[in-house]
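>>> have a look; sequence and predicted model below, questions after that.
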Amino acid sequence: MKQSILIVEDEDKIARLLEIELEFEGYRVVKEKNGIDGLETYYKGKWDLILLDIMIPGLSGTQLLQRIRKNDANIPVILLTAKSSIADKVEGLDLGANDYITKPFVIEELLARVRAALRVGATKDTASLMADTWLSAGDLRLHEGTREVLRGEHSVELTPREFDLLVHLLRHQRQVLSRDQLLENVWGMDYAGDTNVVDVYIRYVRNKIDPTRQLPELIHTVRGIGYVLKESV
């Protein structure tokens, strides 16, 4: 069965280009030009991935993303936008997007990002079948099914992206993970750019699991490589 991709993009030339290229790759594609129609079509179908422009009429792309995430935390969403600052990218990713592509883009790179996001989505679907378990390190515990995070007896509130990052670190305890590895496996990016986004989110997670900086450190920086989650000796 063909994987289904919903495109919400108001620029006709870009939407048509995406439709042609994705259909050539073997995907089933449906297009919408505004956020209201995009939301209605989203609810009517079963989608494997969504390509979402931020600057669309009706509901904005970020508003549409927020509504999608309230209904489904796992469906891969790739944002398309002319905005290129790190702050803009962090905002989009923090709302739950899996990836962020700046216009104008090279179609080969976009297709690679689509394949990567679909791989991550498939991994999450498989993992959800085994989600009734706790992951832990020291006094940090995380439940994949309920998305509950505890540090000792205190609840920790994480965004969807922060949660996914912590899950990956917990699943690979004591393993040094490069920034590129984290991008590929958490964000679904199979390229070496924008690795500073990882640093930003590591800082977010550290601050949330230890806001007072008085607890044993769990997420360690490995200079020149990346990060490792392990209990301090």
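Cool, got the structure. Numbers count the residues shown, from 1 in each chain.

>>> strands paired with the one helix or strand residue 228 maps to, and their directions?
Remark: residue 228 resides in strand 226-229, with elements defined by DSSP states H and E. Within its sheet, strand 226-229 is paired with strand 177-178 (antiparallel), strand 219-222 (antiparallel), according to DSSP bridges.

>>> ranges for the strands of this protein?
Taking DSSP state E to define them, one finds strands in the chain at 4-8, 28-32, 49-53, 77-81, 99-102, 134-137, 140-143, 148-151, 154-155, 177-178, 219-222, 226-229.

>>> looking at the ones you listed, which is closest to residue 90?
Proximity to residue 90, assessed across the strands of the chain by CB to CB, is greatest for strand 99-102 (9.1 Å). Just so you know, the C-beta spots here come from the backbone N, C-alpha and C atoms, and that holds for glycine as well.

>>> which residues does that closest one contact?
Identification of contacts with strand 99-102 by CB atoms under 8 Å, 6 or more residues apart in numbering yields 76, 78-84, 89, 92-93, 109-110, 113, 116-117, 187-189.

>>> just the CA trace of that strand, in PDB.
In PDB, the C-alpha atoms belonging to strand 99-102 read as follows (Å, rounded to 0.1, in the frame of the first residue of the first chain):
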ATOM      1  CA  ASP A  99      12.000  18.700  10.500                       C
ATOM      2  CA  TYR A 100      12.200  22.200   9.000                       C
ATOM      3  CA  ILE A 101      13.100  23.000   5.400                       C
ATOM      4  CA  THR A 102      13.800  26.600   4.300                       C
END
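
>>> now this structure, which segments are flagged as low pLDDT?
84-85, 121-132, 189-195, 233 (pLDDT under 70).

>>> now the most centrally placed residue in the chain: how far from residue 51?
With distances taken as CA atoms, centre = their mean, residue 98 lies nearest the centre of the chain, 2.7 Å away. Noted for residue 98: a distance of 11 Å to residue 51, by CB to CB, to the nearest Å.

>>> mutual contacts of the two, please.
residue 78.

>>> neighbours of residue 173, how many?
14 (other CB atoms under 10 Å).

>>> same thing with residue 158?
So residue 158, with other CB under 10 Å, has 19 neighbours.

>>> same question, residue 167
20.

>>> residue 145 is in contact with that one, correct?
No - Residue 167 is not in contact with residue 145 according to CB atoms under 8 Å; the separation is 11.5 Å.

>>> wait, doesn't residue 8 sit right on residue 52?
Yes - counting by CB under 8 Å, residue 8 touches residue 52, with 5.0 Å between them.
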